[in-house]
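>>> build me a structure from this.
(2 chains)
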There are 2 protein chains.
Amino acid sequence: MAAAPSELAYVPFVSVENMMRLVHRIGIETMLTGIADYIEEDFRRWESFDKTPRVASHSAEGVIELMPTSDGDVYGFKYVNGHPKNTKSGLQTVTAFGLLANVHTGYPVLLSEMTLLTALRTAATSALVARYLAPRGSDTMAMIGNGAQSEFQALAMRALCGVTRLRLYDIDRKATDKLVANLSGLGFDLTACSSAEDAIEGAQIITTCTADKQYATILTDNMVGAGIHINAIGGDCPGKTELHRDILLRSDVFVEYPPQTRIEGEIQQMPEDFPVTEMWQVITGAAKGRRDARQVTLFDGVGFATEDFSALRFVRDKLESTGLCQQLDLLADPDDPRDLFGMLQRAKGNTA
Amino acid sequence: MAAAPSELAYVPFVSVENMMRLVHRIGIETMLTGIADYIEEDFRRWESFDKTPRVASHSAEGVIELMPTSDGDVYGFKYVNGHPKNTKSGLQTVTAFGLLANVHTGYPVLLSEMTLLTALRTAATSALVARYLAPRGSDTMAMIGNGAQSEFQALAMRALCGVTRLRLYDIDRKATDKLVANLSGLGFDLTACSSAEDAIEGAQIITTCTADKQYATILTDNMVGAGIHINAIGGDCPGKTELHRDILLRSDVFVEYPPQTRIEGEIQQMPEDFPVTEMWQVITGAAKGRRDARQVTLFDGVGFATEDFSALRFVRDKLESTGLCQQLDLLADPDDPRDLFGMLQRAKGNTA
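Okay, here's the model as predicted:
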């Protein structure tokens, strides 16, 4: 009897290599816009999702998280770590992979790398939110923190919101140099700045995306003028924030999923009843986004499971036309489902 | 620049094929004993583990669960589903895969199929527990429910406890026939029985392992005599039990992790303060196991994350000597960890 697994045993797997191929095949800005569309669509049907704050395992060096959700037909989860000191030993701060499964059978239908995909969906989410909240005609963004996420943020903000001028600052000048080198020739107007204060000059959008796992004050209240949209995506775990609390008091704060953001976001500095608006309500029209030109809007983005779910849906929907996946022998699938042992025994000659 | 990922990008992956090879290479009873040793070792250091009830996503048809744990150095989790109606469409009731990661970096170090490995670790746990709780000299086991788990239970009970006589019953006679066929020639004394009452005649150990997702009464109180050890492993989610509550009242009940068992196990029928003994305490000697020959001991086994962790540790420790894994391109690993985008761009020529 053949030991070769049946078709049911296989799960399509998107490696890093194939994810990079997919990005280049589709084009990165088209892909960012496509993922943003899926994220928006899933925000519109927010109430059909099972939602829970992520399941975090904290250690001295960082955190490992599982982020599950389900829309009743498809289940998804992401494994993701956050280890700020990793870069010192040549490792990524964040690595991730994710899975979609059929809710009705429990069988996985997609396994995918998500280090790249997380950068894409985080940028797509930020730009989608900015399209609802940033002042009309925003074309200049300050980027404070020029690490692994920054190019993706820049491209998504251009693709979705029309941002073309970038003012860049990082405490490590080498990070800014890397960002400038990577974005050169892609049609941005780039300015490397010598301080955060300098970077925010003339910007309608301020993106803060730093990696320290600690309370840091990247922006103080006197730095932020009227009519600004702040895209704060670096503070994303307990004990890690980027903004002075006075900014929060003066802003209208928008979040993904309050039970998670109150644990992980900038608003962990504030009382439990600090008022926030949920983005899905802004997107469906149930709540107001930007009210006027002088308002300071603040997206306290921590990344939510539905966004990963949306990004994985996007990738899955591209597999048939691109074939950019491998088939992974992940599931035991005996001919008779009750005969797992028989499958094992019959494989003996072929595999021993 | 080469698009080929660096060594850090790869995660060792054990496919179903390689797991079957590993079982045959080591020998199934030796592997069951080895896994039981790892499980026992991890029960002995119970207090060093981060423990949480599994994170379950329930639907009408079944459940999808994530089971994470960590010992402070190594993090592990399992994805597992339970869909009793799957067998009707030729699918497994339970499929699973799992992962180990380095707590200090968050980087995955092993991805493995766990459909087979879960059957092995569940059997190893049952037999380990029976070695502490079953009456001295037990050689006969009744098995009620002869599905995918049953052969593994039988072999583990022989390897660890010396059980050689099996009395088999399933509401579906075909399942019993399959079990008899699979175990024939392996040196057991096998009796196919016409009822659960018949099966338990003369047995010192009763294993209940049925798959219905509902309250069922596989064993009633009058069926269970003195001096029995019940290995109840089929009731493992809310709304699913196998034993009449009067049996629980008359037994000393042993569990893995009370917060999870009270949700999922047989004791979900009982008040929150129903007394139970934790197995890790029996194993360390902090609590008494079997007191006397007439006592009814009941292992209300639901499967806990540390057991998967132990089984994955066992597999990982065998990879160096056997080489039974593939290298999976799961993690993006740019030369400069902050330069994820640069890695993507440099891959363009090679991958587009």
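
>>> just give the closest residue to A:Leu324, not the sequence neighbours.
A:Asn18 (4.3 Å; CB to CB, 6 or more residues apart in numbering or on different chains). Bear in mind the C-beta positions are built from the backbone N, C-alpha and C, glycine included.

>>> hey, where'd the strands end up in the stretch 51-200 of chain A?
With strands called from DSSP state E, counting those that start in this stretch, the stretch 51-200 of chain A shows them at A:55-58, A:63-70, A:74-82, A:96-102, A:108-113, A:140-144, A:165-169, A:189-192.

>>> do the fifth one and chain B meet at all?
So the one you mean is strand A:108-113. Yes - Strand A:108-113 comes into contact with chain B (CB under 8 Å from any CB of the partner chain), by way of A:108, A:113.

>>> what is that strand packed up against?
strand A:10-14, helix A:16-26, strand A:96-102, helix A:305-322 (3 or more CB pairs under 8 Å, 6 or more residues apart in numbering or on different chains; DSSP states H and E).

>>> list the buried residues in it.
A:108-113 (16 or more other CB atoms under 10 Å in any protein chain shown).

>>> the residue nearest to A:Leu324: how many residues sit nearby?
Using other CB atoms under 10 Å in any protein chain shown, A:Asn18 has 23 other residues around it.

>>> cool, A:Asp42 as well?
For A:Asp42, the neighbour count with other CB under 10 Å is 22.

>>> and if you look at A:Val276?
When neighbours are defined as other CB under 10 Å, A:Val276 has 20 of them.

>>> same check, this time on A:His58
For A:His58, the count of nearby residues is 17 (other CB under 10 Å).

>>> same question for A:Thr118.
26.

>>> any idea how far it lies from chain B?
From A:Thr118 across to chain B, the span is 10 Å (CB to the nearest CB, to the nearest Å).

>>> pLDDT wise, what is that residue at?
A:Thr118 is assigned a pLDDT of 95 by the prediction.

>>> next: A:Ala352.
pLDDT, read off for A:Ala352, is 46.

>>> contacting residues around the most centrally placed residue in chain A?
Nearest to the geometric centre of chain A sits A:Thr122, at 2.6 Å (CA atoms, centre = their mean). Residues near A:Thr122 by CB atoms under 8 Å, 6 or more residues apart in numbering or on different chains: A:149, A:152-153, A:233, A:301, A:303, A:307.

>>> relative to chain B, how far out is it?
Look at A:Thr122 and chain B: by CB to the nearest CB, they are 11 Å apart.

>>> next: A:Tyr107.
As for A:Tyr107, its distance to chain B is 6 Å (criterion: CB to the nearest CB).

>>> do I have it right that A:Thr93 meets B:Pro337?
Yes - proximity of A:Thr93 to B:Pro337 meets the contact threshold set by CB atoms under 8 Å, at 6.9 Å.

>>> any common contacting residues for those two?
A:86-87, A:148.

>>> ok, and the most crowded of those residues?
A:Ala148 (29 neighbours).

>>> that one: what's it in contact with?
Going by CB under 8 Å, 6+ apart, the list of residues near A:Ala148 reads A:92-94, A:119, B:334, B:337-341.

>>> picking up where we left off before, need the winner for burial among the strands of the stretch 51-200 of chain A.
Each of the strands of the stretch 51-200 of chain A was scored by mean neighbour count; the highest is strand A:140-144, a mean of 26, by mean count of other CB atoms under 10 Å in any protein chain shown.

>>> what is it packed up against?
In this structure, strand A:140-144 packs against helix A:150-161, strand A:165-169, helix A:196-199, strand A:205-208, with contacts taken as 3+ CB pairs under 8 Å, 6+ apart.

>>> how about those in CSV, adding mean pLDDT?
Converted to CSV, the helices and strands packed on strand A:140-144 look like this (pLDDT from 0 to 100):
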stretch, mean pLDDT
helix A:150-161, 98
strand A:165-169, 98
helix A:196-199, 95
strand A:205-208, 96
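
>>> and the pLDDT at A:Pro5?
For A:Pro5, pLDDT reads 53.

>>> revised request: answer the last question for A:His244.
Confidence score, pLDDT, at A:His244: 89.

>>> was I right about it contacting A:Asp221?
Yes - using CB under 8 Å, A:His244 is in contact with A:Asp221, at 5.3 Å.

>>> brilliant, that's me finished.
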